[in-house]
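Novice: please work out how this folds:
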Amino acid sequence: MVSLWNKTMIATLMFTALLSCCVFPSTAELPRFDHKAKADGSLSFLVVGDWGRRGGYNQTEVAYQMGIIGEELDIDFIISTGDNFYDNGLTGVDDAAFFESFVNIYTAPALHKQWYNVLGNHDYRGDVEAQLSPILREIDSRWLCLRSFIVDAEIAEFIFVDTTPFVDKYFTDPEDDVYDWSGIRPRQNYIANLQNDVDSALRESTSKWKIVVGHHTIKSAGSHGNTHELALQLLPILEANKVDLYINGHDHCLEHISSSDSGIQYLTSGGGSKAWRGDVSWWNPMEMKLYYDGQGFMSVQITKTEVDIAFYDAFGNVLHKWSTSKQLYAAV
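Specialist: Numbers count the residues shown, from 1 in each chain. Purely as a prediction, here's the structure:
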């Protein structure tokens, strides 16, 4: 009989081999994955965040509607913006919450596509390595969670950023919460390396559309509001590299802020389960395109020249649509 230790080592080696196949030469140190677009060059995906509550707080209803919309749009993958398992992440790779909050909830055929996941602050309260473990991919092949990584989908490049280590209060004022900082310290080195890697990846990108995904807000009128550390340490990199979309969770709402300072669209999809917090800060109505204090999710459809975004509530109703386009220049 193969021991659990040997199984773990075998799984780890298999995952390392998978990464080796997917990583391409780059000055950035972030793991890199290819995800092919459709035959016509288009791409579509759903975004959901702050969901892992064993089906409670309308998580099941949101998942059901995601299945319907995912089928209609013939989605290519799903993005999770973090806080994947409440309240305190996973206790290990054998935690039943992985089944109760993920495997047994997102059962629709359309949702049996690749899931690209980032960590949220609640995930850091548990065993972080469990969510990163290749063992979970053996249990459910849809699952892919790394601290930070790149997905190259031909017409769009996605940079997934581990935002929790940027936030000071988790280190200076943890209250009763305990965070798993293994792999993070020394913290300032971790952040500096990540900033360099994100900047390098964005500068090297030749994709038509540049999209950055993180758990924490940069701009938000929700209960958490702006994340000042990201505004200081990450936003200048996004602006300098002309990022098109910044997608996040953290605030348990659906939100679209169109920046008047740059071309970045700030898109919050944190309504995967518990929401309706009832508090919203004033925001310039010229920038605020949507604020919905409830459950739901978001869809994104991309072609070489256009991005179409839609937000849905827990009943599948469309709350907001937005589109933008870029001219397609012929090669000289």
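Novice: low pLDDT regions in the stretch 201-332 of the chain?
Specialist: Scanning the stretch 201-332 of the chain with the threshold set as pLDDT under 70 gives 329-332.
Novice: do that again at 90, thanks
Specialist: By pLDDT under 90, the weakly predicted segments of the stretch 201-332 of the chain are 260-261, 263, 279, 327-332.
Novice: can you check the stretch 1-150 of the chain too?
Specialist: Counting by pLDDT under 90, the ranges of the stretch 1-150 of the chain that qualify are 1-29.
Novice: quick one: the strands in it, in order.
Specialist: Remark: strands assigned in the stretch 1-150 of the chain by DSSP state E, counting those that start in this stretch are 32-34, 43-48, 77-80, 114-117, 143-145, 149-152.
Novice: quick one: closest of those to residue 292.
Specialist: With C-beta to C-beta as the measure, strand 43-48 is the member of those nearest residue 292 (14.0 Å). C-beta coordinates here come from the backbone N, C-alpha and C atoms, glycine included.
Novice: parallel or antiparallel, list what pairs with that closest one.
Specialist: The strands that strand 43-48 pairs with in its sheet are strand 77-80 (parallel), strand 296-302 (antiparallel) (by DSSP bridges).
Novice: which of those strands sits closest to residue 197?
Specialist: Between residue 197 and those, the tightest spacing by C-beta to C-beta is seen for strand 77-80, at 19.3 Å.
Novice: so residue 325 sits against residue 308, correct?
Specialist: No: taking C-beta atoms under 8 Å as the definition, residue 325 is not a contact partner of residue 308, at 9.6 Å.
Novice: centre-most residue in the protein?
Specialist: Among the residues of the chain, the one closest to the centroid is residue 81, at 3.1 Å (C-alpha atoms, centre = their mean).
Novice: for that one, what are its contacts?
Specialist: Residues near residue 81 by C-beta atoms under 8 Å, 6 or more residues apart in numbering: 47-50, 118, 120, 213-215, 247-250, 269-270.
Novice: and what of residue 57?
Specialist: Neighbour list for residue 57: 273-275, 295 [criterion: C-beta under 8 Å, 6+ apart].
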